[in-house]
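A.B. asks: Dropping the sequence and predicted coords here.
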Amino acid sequence: MNFSSEPIISAKEVSIFQDNSTVLTEVNFEIKKGEFVFMVGRTGSGKSSLLRTLYADLPLRLGDLTVADIDIRGIKAKQIPLLRRKLGIIFQDFQLFQDRTVGENLAFVLRATGWKDKAKMKARQADVLMRVGLGSVNNKMPYQLSGGEQQRVVIARALLNEPLILLADEPTGNLDPEVSNGILDLFKQINRSGTSILMATHDFSLLDRSTYRVLKCQQGKLVDDSQVTAAG
């Protein structure tokens, strides 16, 4: 796949903080349009904190970081919704409303991001559900679905606004290996359509099924395997 020269994410000399603790320093990397990048590391190594900084859930205190052409260091509160409309965020624990149907979960996001035409909203919901292989669950409650199906709904939700990049935080962490492989295959399919993906995981077995670039969180640093290869 050919990558655009303009990065969707560019981090230079960034430090990542969780509360008052520094979890990563000297973070330098770029992700270009169309790339699929894994971020690996043990639990507590800083993967989630870095992702939360990328979508402005944690403040950036040191370094230069742009995401989808938005300066995260100087981001204003009113800019955060605009940033997040350009991103698809996927959580390990799903974060679905358990008292609403799948369709109502998706409609909530569409309304929150400015959609008003009900016919277009329904069409978009049907489109993303078909894309993740769940064409018949619109009227089901989340608790009626398996863990793998719920994660597919979360991925569908993240695709609603045609994001430039998906930020996935341990999306297979609560799933068994066979289901995890199916979710990885879905991410690959989405990536082939042109959407960039940054997927954090501590499941190193997923890396055996791909040749994608890997960022490693270890000992307070972020190591980019492409830079290590180039240096070697």
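C.D. replies: In hand now; what should we look at?

A.B. asks: what's the longest helix in the protein?
C.D. replies: Scanning the chain for the helix with the most residues, using DSSP state H, yields helix 177-192.

A.B. asks: Give me the packing partners of that one, helices and strands only.
C.D. replies: Where contact means 3 or more Cβ pairs under 8 Å, 6 or more residues apart in numbering; DSSP states H and E, helix 177-192 is packed against strand 36-40, helix 147-159, strand 165-169, strand 196-201. C-betas here are computed from N, CA, C, even on glycine.

A.B. asks: and the longest one with helix 177-192, angle?
C.D. replies: With axes from the mean of the first three to the mean of the last three Cα atoms, to 10 degrees as the basis, helix 147-159 and helix 177-192 are set at 20 degrees to each other.

A.B. asks: Go through helix 147-159 and flag the buried ones.
C.D. replies: The neighbour-count check on helix 147-159 (16 or more other Cβ atoms under 10 Å) flags 148-159 as buried.

A.B. asks: Tell me, how many residues neighbour residue 92?
C.D. replies: Neighbour count of residue 92, defined by other Cβ atoms under 10 Å: 18.

A.B. asks: shaky segments in this structure?
C.D. replies: Under the criterion pLDDT under 70, the flagged ranges of the chain are 1-5, 226-232.

A.B. asks: domain parsing for it?
C.D. replies: 1-86+163-173+195-232, 94-162 (automatic domain parsing).

A.B. asks: which stretch among these comes nearest residue 182?
C.D. replies: domain 94-162 (6.4 Å; Cβ to Cβ).

A.B. asks: That closest one spans what distance, first to last residue?
C.D. replies: 19 Å (Cα to Cα, to the nearest Å).

A.B. asks: how about the helices in the protein?
C.D. replies: Under DSSP H, the chain gives helices at 47-54, 80-85, 102-112, 118-131, 147-159, 177-192, 225-231.

A.B. asks: which residue is nearest the centroid of the protein?
C.D. replies: In the chain, the residue lying closest to the centroid (Cα atoms, centre = their mean) is residue 167, at 1.3 Å.

A.B. asks: For that one, give me its contacts.
C.D. replies: For residue 167, the contact set (Cβ atoms under 8 Å, 6 or more residues apart in numbering) comprises 51, 54-55, 87-90, 198.

A.B. asks: that older thread, deepest of the helices of the chain, which one?
C.D. replies: Among the helices of the chain, ranked by average contacts under mean count of other Cβ atoms under 10 Å, first place goes to helix 47-54 (a mean of 24).

A.B. asks: Give me the contact list for it.
C.D. replies: The contact list for helix 47-54 (Cβ under 8 Å, 6+ apart) reads 9, 14, 16-18, 23-24, 27, 39-41, 58-60, 65, 67, 72, 87, 167, 169-170, 198, 200, 202, 217, 222.
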